[in-house]
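Trainee: Structure of the sequence below:
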Amino acid sequence: MRLVQLSHHSLAFPSPEGALREPNGLLALGGDLSPARLLMAYQRGIFPWFSPGDPILWWSPDPRAVLWPAHYHVSRSMKRFHKNSPYRVTLNHDFSRVIDGCAADRNEGTWITPAVVLAYLRLHELGHAHSIEVWEGDELVGGMYGVAQGALFCGESMFSRRVNASKTALLVFCAEFLRQGGELIDCQVLNEHTASLGVGEMPRREYLQHLERLRHQPLSPRCWLPRTLFTPGL
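Mentor: All right, here's what the predicted structure looks like:
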């Protein structure tokens, strides 16, 4: 196992099975964040993650953190909160502000550089990256974004400026994704917060098998159409 230097003249990635064990999942460095390269990476179960000033680093960890939307864990307190939620939730209404919100979040945004923002904005414009927005009145108070791979959604980042805002984004998205034919959400690496929401781990090889199956599986034609997903009081 060795770290591979990517060529600017080829979009090819090495097999994820060759990723390092320490740090877990580090596979390659270099290349660029062009839409074609990013899409090639996601199709192979690889994602970029790196610190400002470092070269682009590409990862495919083992095990992989995933969430089956039907198994999203809603605590009793969250159920009570959502029943009287003050938030409105939309889909693909303001991708730019969502990724900017994630970039500004101290916990989430250390790697979301201006170049990363531009790269995912391009993916959004091409119809591959999507956002879920949480509003309190006219103020954006939370949200999440990621990249679609058929019936699998690769979650990238989320942010919250009000209590339970990001949890609301994920709760509403899980229900809608299921309705439109979605089956699995990639959460990349498990942490204490995501584990409390029902995120679990599976071996990388199993994740790649699901990815290969689900990325060819079509969703409802309206799945990613901009619209309101949840309105308080209704």
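
Trainee: Next one: residue 129 relative to residue 117, how far apart?
Mentor: In this view, residue 129 and residue 117 are 11 Å apart by C-beta to C-beta, to the nearest Å. Where you see a C-beta, it was placed from the backbone N, CA and C, and this is true even at glycine.

Trainee: Could you check which of the two has the larger neighbour count?
Mentor: Neighbours per residue (other C-beta atoms under 10 Å) separate residue 129 from residue 117, with residue 129 holding more: 26 against 16.

Trainee: Secondary structure element holding residue 122?
Mentor: helix 114-125 (DSSP states H and E).

Trainee: contacts for the helix or strand that that helix is followed by?
Mentor: Heading C-terminal from helix 114-125, the first helix or strand you meet, by DSSP H and E, is strand 129-136. Defining contact as C-beta atoms under 8 Å, 6 or more residues apart in numbering, one finds that strand 129-136 is touched by 86-95, 97-99, 120-121, 123-124, 140-148, 153, 156, 160, 162, 165-166, 168-170, 172-173, 224, 229.

Trainee: Report the beta-bridge partners for the residue nearest the centre of the chain.
Mentor: For the chain, the residue lying nearest the average C-alpha position, counting by C-alpha atoms, centre = their mean, turns out to be residue 155 (1.2 Å). Beta-bridge partners of residue 155, counted by DSSP bridges, are residue 146.

Trainee: Let me know how buried residue 120 is, in neighbour terms.
Mentor: Neighbours around residue 120, by other C-beta under 10 Å: 26.

Trainee: Quick check, it in contact with residue 145.
Mentor: Yes: look at residue 120 against residue 145 with C-beta atoms under 8 Å: they come within range, at 6.9 Å.

Trainee: intersection of neighbour lists for those two?
Mentor: Shared contacts of residue 120 and residue 145, counting by C-beta under 8 Å, 6+ apart, come down to 95, 99, 129, 156.

Trainee: I'd like to know how many residues surround residue 127.
Mentor: So residue 127, with other C-beta under 10 Å, has 10 neighbours.

Trainee: pLDDT value on it, please?
Mentor: Reported pLDDT at residue 127 in the predicted model: 97.

Trainee: So it sits against residue 224, correct?
Mentor: Yes: assessed by C-beta under 8 Å, residue 127 is found in contact with residue 224 at 7.1 Å.

Trainee: So which bits of stretch 210-218 are buried?
Mentor: Buried residues in stretch 210-218, counted by 16 or more other C-beta atoms under 10 Å: 210-211, 214-215.

Trainee: same question, stretch 80-98
Mentor: Per 16+ other C-beta under 10 Å, stretch 80-98 contains these buried residues: 81-82, 85-95, 98.

Trainee: Over to stretch 54-71?
Mentor: 56-67, 69.

Trainee: could I have the one helix or strand in the chain whose mean pLDDT sits lowest exported to CSV, CA atoms only?
Mentor: Every helix and strand of the chain was ranked by mean pLDDT, DSSP states H and E. The lowest is helix 192-196, at a mean of 82. What follows is helix 192-196, C-alpha atoms only, in CSV (Å, rounded to 0.1, in the frame of the first residue of the first chain):
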residue,chain,number,x,y,z
GLU,A,192,-20.1,10.7,18.1
HIS,A,193,-22.7,13.0,16.8
THR,A,194,-23.5,11.0,13.6
ALA,A,195,-23.6,7.8,15.6
SER,A,196,-26.3,9.2,17.8
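
Trainee: any weak-confidence spans in this structure?
Mentor: 1, 106-109, 234 (pLDDT under 70).
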